[in-house]
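# Just need the structure, nothing else, for what follows:
(one chain, ligands or ions: 1)
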Amino acid sequence: MASLFASEVIRRAEILSKDHVPQPNLEELPMTPLKMIFCCFDPRVLPEKFLGLKSDDRVLLVRTASGTPARNILDIVAIDRLVGLNEIIVVKHTDCGALHMTDEAIREHIVKHNPALAGKVNDIEAQTTTNITERTRLDVEIIKSSPLVRKELRATVSGLLYDIKTGKVDRIV
Ligand SMILES: [Zn+2]
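Residues are numbered from 1 along each chain as shown. Modelled structure (predicted):
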């Protein structure tokens, strides 16, 4: 079945395109290194706001489930090759959905909808956690320990924790 919301956003884009300003091609953009920030896609967590990001900060924001970089190592490599990266920051947050989910529940969900995979999903890890501070350290370590990522870039990785109640950000790594 075709998605109704997809049809709706195509309709909205058609209207908005009338005021669209053409974007430059990639080769017309400055190829100075970027900073990559991983952050959760939780709608309560808007890094542009709580980190005070500015348009000239040259930040590439990657929003994933819980802000884990676990499934994005090749994205780091690709952007580093294409434009260059000079720093990576992993930002986690309090009350993250990853604290309300378990890897086992995710495996059960997969098998429930595809019983043929029973017994074949035991090594699936979704970076859920019961301790967000520890998970911040582990997510930083995923990048730091990856031989696919340039050594100098690995040395720049930090891990921050955003408190959704106070708005403050602490450095964990
Ligand atoms: Zn989250």
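
# What residues does residue 150 make contact with?
Listed by CB atoms under 8 Å, 6 or more residues apart in numbering, the contact partners of residue 150 are residue 80. In short, each C-beta sits where N, CA and C put it, glycine included.

# go again using 10 Å as the cut-off
Contacts were defined as CB atoms under 10 Å, 6 or more residues apart in numbering; by that measure residue 150 touches 76-77, 80-81, 84-85, 156.

# give me phi/psi at residue 159?
For residue 159, the backbone dihedrals are phi -130, psi 120 (criterion: degrees, to the nearest 10).

# Just to check, it is in contact with residue 92?
Yes - the pair formed by residue 159 and residue 92 meets the contact definition of CB atoms under 10 Å, at 7.0 Å.

# shared neighbours of these two, which are they?
Common contacts of residue 159 and residue 92 (CB under 10 Å, 6+ apart): 38, 67, 133, 135-137, 139-140, 172.

# Just the buried ones from these?
Using 16 or more other CB atoms under 10 Å as the burial test, those include 38, 67, 135-136, 139-140, 172 as buried.

# How far does stretch 111-121 stretch from one end to the other?
Taking CA to CA, to the nearest Å, stretch 111-121 runs 8 Å from one end to the other.

# neighbouring contacts of it?
Around stretch 111-121, the neighbours that count as contacts under CB under 10 Å, 6+ apart are 103-104, 106-110, 124.

# picking that back up, which of the buried ones among the shared contacts of residue 159 and residue 92 fall within helices?
Helix and strand membership here follows DSSP state H; of these, those in helices are 135-136, 139-140.

# Please identify which of those residues is nearest to the ion.
residue 135 (10.2 Å; CB to the ion).

# Can you give me the pLDDT of residue 1?
Among the per-residue scores, residue 1 shows a pLDDT of 64.

# so what strands line up beside the top strand by length along the chain?
Scanning the chain for the strand with the most residues, using DSSP state E, yields strand 85-93. In the sheet containing strand 85-93, the strands it pairs with under DSSP bridges are strand 34-40 (parallel), strand 158-162 (parallel).

# which of those strands sits most buried?
Each of the strands paired with strand 85-93 was given a mean neighbour count from mean count of other CB atoms under 10 Å, and the largest, a mean of 22, is that of strand 34-40.

# Output it in PDB with nothing but the alpha carbons.
Included here for strand 34-40 are C-alpha records, laid out as PDB according to Å, rounded to 0.1, in the frame of the first residue of the first chain:
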ATOM      1  CA  LEU A  34      34.000  19.300   8.900                       C
ATOM      2  CA  LYS A  35      33.200  18.300  12.500                       C
ATOM      3  CA  MET A  36      30.900  15.300  12.700                       C
ATOM      4  CA  ILE A  37      28.400  15.200  15.600                       C
ATOM      5  CA  PHE A  38      26.400  12.100  16.400                       C
ATOM      6  CA  CYS A  39      23.200  12.600  18.300                       C
ATOM      7  CA  CYS A  40      20.000  10.800  19.000                       C
END
